[in-house]
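Q: curious how this folds, go ahead:
(4 chains)
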Number of protein chains: 2
Amino acid sequence: MSASVKAEEPKEQRLTKGGRKTRERIIEAAAELMFHRGAGGTSIPDIQAAAGVSASQIYHYFGDKQGLVLAVIDHQTDTRLDQQRPLLDNLDSIEALREWCDRAGSRQDARGCEGGCEIGSLASELADGDQSARTRLVSAFDRWEGPIRSGLARMQERGELSERADTAALATALLAAVQGGMLLSQVRRSSTAYRQAVSAVIDHIESHLVR
Amino acid sequence: MSASVKAEEPKEQRLTKGGRKTRERIIEAAAELMFHRGAGGTSIPDIQAAAGVSASQIYHYFGDKQGLVLAVIDHQTDTRLDQQRPLLDNLDSIEALREWCDRAGSRQDARGCEGGCEIGSLASELADGDQSARTRLVSAFDRWEGPIRSGLARMQERGELSERADTAALATALLAAVQGGMLLSQVRRSSTAYRQAVSAVIDHIESHLVR
DNA sequence: GCAAAGTTGGAATGTCAATTCCAACTTGGG
DNA sequence: CCCAAGTTGGAATTGACATTCCAACTTTGC
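A: The predicted model follows:
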């Protein structure tokens, strides 16, 4: 009866134990390569070699390259957020905010400031050209910003943060500082810009402290 | 005597009037395409069609694609900075800062928040893979940040800004807010994030006002 | 233990991109 | 006006890449 106009979703196929493992291996290899060279700069043969799989396996599990890119976005989002926990879920003090940001700065230093934010880089590359990718990136940033906002909201509920503070806007500003700071640091090969950017926003949040 | 190890620079060739014009046409077409699809996503044939030139002309004037990309970086830097003048050179009051930022927000709205920052997008794509591109991007951001810092420094010299304010760091933070805000806005297709990001940093700067 | 479903290898296909070549045409200076 | 240098068109080359195919192999549910 209903003409299914959009039946593009690769109807969830049943995966064998090994299949799940292969799928994961592909995603991880692709994520790593795409982090360094971008999605467009990473070819299927590249991924084949890195993951040790054949082309048919990639197409079997992801349909096409775009499908793999979408999976990589989700994977990076999950991975990055998990890496930041439990800090990310307890951003309800100035000190917690500073430590959380500092951690990302150290991570950046540790890799010599090569590469920016795993999510931000994909966002910059894919936001305009790939509608479905953009949608997933919106949700990636929402999932990231949410915990920040929640932490600030808790501070406000507790009466630590002025009622006049717009916690949602502050959370957005902090995430933007992270992204912009990462970009400048990546280009300059120094985490200084990142640290100054987040520090300015956290100082600003601090100015809303009651007392 | 001195063995010139690096003689890679395409020794400035003399350009005829028409040649200069063709060169410019190529750069502009390339810049436009690369803004929308990225440098990697823009092919030479694409540029040929957009600029109405043949392949040999592109290679004649730029050597190879990377040469063209470098020229595009410089062109976008010059163009963007010129577009922001004279505002950019007079960022020595809170109001001036706000208006300057607001202008970029309106520009973003005007294009439906498609595309991010002309320089930032190239930076994100090229910072890791192309050493010479990264170098030019460093100078692009320096040329951008400089006037911001100068404006803040003037405010400080005049005694309007607290002596404890680190004007260099604040300038970096503001530029980072612009970049990060642009990215979030591009992904969310709404300039709100950009406006909140820059607003937070300018509010912070404002908190350093004397009086 | 068997058939259906899931996995895998590897070659084949078709497209398109970057770059090179070279011959022809135009312009500037002396 | 004439030559050297600058410009241009268009075809040819080479290589890579996304994707498809199909036959063979393995796992799972009954």
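Q: please state the offset of the longest helix along chain A from the chain centre?
A: For chain A, the longest helix by residue count, based on DSSP state H, is helix A:131-157. Helix A:131-157 sits 11 Å away from the centroid of its parent chain (Cα atoms, centre = their mean, to the nearest Å).
Q: next one: stretch A:71-80
A: On Cα atoms, centre = their mean, the centre of stretch A:71-80 falls 7 Å from that of its chain.
Q: again with stretch A:200-210
A: Worked out by Cα atoms, centre = their mean, stretch A:200-210 lies 25 Å from the chain centre.
Q: okay, the angle between the following helix or strand past the longest helix of chain A and helix B:167-188?
A: The helix or strand immediately downstream of helix A:131-157 is helix A:167-188, counting by DSSP states H and E. Using axes from the mean of the first three to the mean of the last three Cα atoms, to 10 degrees, the direction of helix A:167-188 lies 110 degrees away from that of helix B:167-188.
Q: which residue, other than its chain neighbours, is closest to the residue nearest in space to the middle of chain A?
A: Nearest to the geometric centre of chain A sits A:Ile119, at 3.4 Å (Cα atoms, centre = their mean). Of all residues not flanking A:Ile119 in the chain, A:Ala140 sits nearest, at 5.3 Å (Cβ to Cβ, 6 or more residues apart in numbering or on different chains). Every C-beta, even on glycine, is put in place using the N, C-alpha and C of the backbone.
Q: dump the residue contacts of the one you found.
A: If you count contacts by Cβ atoms under 8 Å, 6 or more residues apart in numbering or on different chains, A:Ala140 has them with A:73-74, A:76-77, A:119, A:123.
Q: between the residues you listed, which has the most around it?
A: Most neighbours among these, by other Cβ atoms under 10 Å in any protein chain shown: A:Ile73, with 27 neighbours.
Q: verify the stated contact: that residue with A:Val138.
A: No: counting by Cβ atoms under 8 Å, A:Ile73 stays clear of A:Val138, with 10.7 Å between them.
Q: flag the shaky bits of chain A, pLDDT-wise.
A: Counting by pLDDT under 70, the ranges of chain A that qualify are A:1-13.
Q: DNA strand D contacts on that one?
A: Proximity of chain A to DNA strand D, by Cβ under 7 Å from any atom of the strand, involves residues A:16-18, A:42-46, A:55-56, A:59, A:64-66.
Q: switch the cut-off to 6 Å
A: A:16-18, A:43-45, A:55-56, A:59, A:64-65 (Cβ under 6 Å from any atom of the strand).
Q: quick one, the longest helix of chain A and helix B:167-188 angle?
A: With the same axes, to 10 degrees defining the directions, helix A:131-157 sits at 130 degrees from helix B:167-188.
Q: what are the buried residues along helix A:131-157?
A: Within helix A:131-157, the residues scored as buried using 16 or more other Cβ atoms under 10 Å in any protein chain shown are A:133-134, A:136-138, A:140-141, A:144-145, A:147-156.
Q: just the buried ones from the residues of chain A next to DNA strand D?
A: Restricting those to buried positions leaves A:Lys65, with burial counted as 16+ other Cβ under 10 Å.
Q: output the residues of chain A next to DNA strand D in JSON lines, with secondary structure and distance to B:His208 appended to each entry.
A: As requested, those are arranged in JSON lines below (DSSP: H, G, I helix; E, B strand; the rest coil; distance: Cβ to Cβ, whole Å):
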{"residue": "A:Thr16", "secondary structure": "coil", "distance to B:His208": "62"}
{"residue": "A:Lys17", "secondary structure": "helix", "distance to B:His208": "60"}
{"residue": "A:Gly18", "secondary structure": "helix", "distance to B:His208": "60"}
{"residue": "A:Ser43", "secondary structure": "coil", "distance to B:His208": "50"}
{"residue": "A:Ile44", "secondary structure": "helix", "distance to B:His208": "52"}
{"residue": "A:Pro45", "secondary structure": "helix", "distance to B:His208": "54"}
{"residue": "A:Ala55", "secondary structure": "helix", "distance to B:His208": "58"}
{"residue": "A:Ser56", "secondary structure": "helix", "distance to B:His208": "61"}
{"residue": "A:Tyr59", "secondary structure": "helix", "distance to B:His208": "57"}
{"residue": "A:Asp64", "secondary structure": "coil", "distance to B:His208": "53"}
{"residue": "A:Lys65", "secondary structure": "helix", "distance to B:His208": "49"}
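Q: and the furthest pair within the residues of chain A next to DNA strand D?
A: Comparing all pairs in the residues of chain A next to DNA strand D by Cβ to Cβ, the longest separation belongs to A:Lys17 and A:Ser43, at 28.7 Å.
Q: smallest gap between chain A and chain B, at which residue?
A: With Cβ to the nearest Cβ as the measure, A:Gly180 is the residue of chain A nearest to chain B, at 3.0 Å.
Q: burial of A:Asp130, as a residue count?
A: 18.
Q: scratch that, A:Arg107
A: A:Arg107 is flanked by 12 other residues according to other Cβ under 10 Å.
Q: measure it to A:Ala171 for me?
A: Look at A:Arg107 and A:Ala171: by Cβ to Cβ, to the nearest Å, they are 21 Å apart.
Q: and the contacts of A:Ala140, which of them are in helices?
A: Using DSSP H, A:73-74, A:76-77, A:119, A:123 are the members of these that sit in helices.
Q: and those, which is closest to DNA strand C?
A: DNA strand C has its nearest neighbour among those in A:Asp74, at 18.6 Å by Cβ to the nearest atom of the strand.
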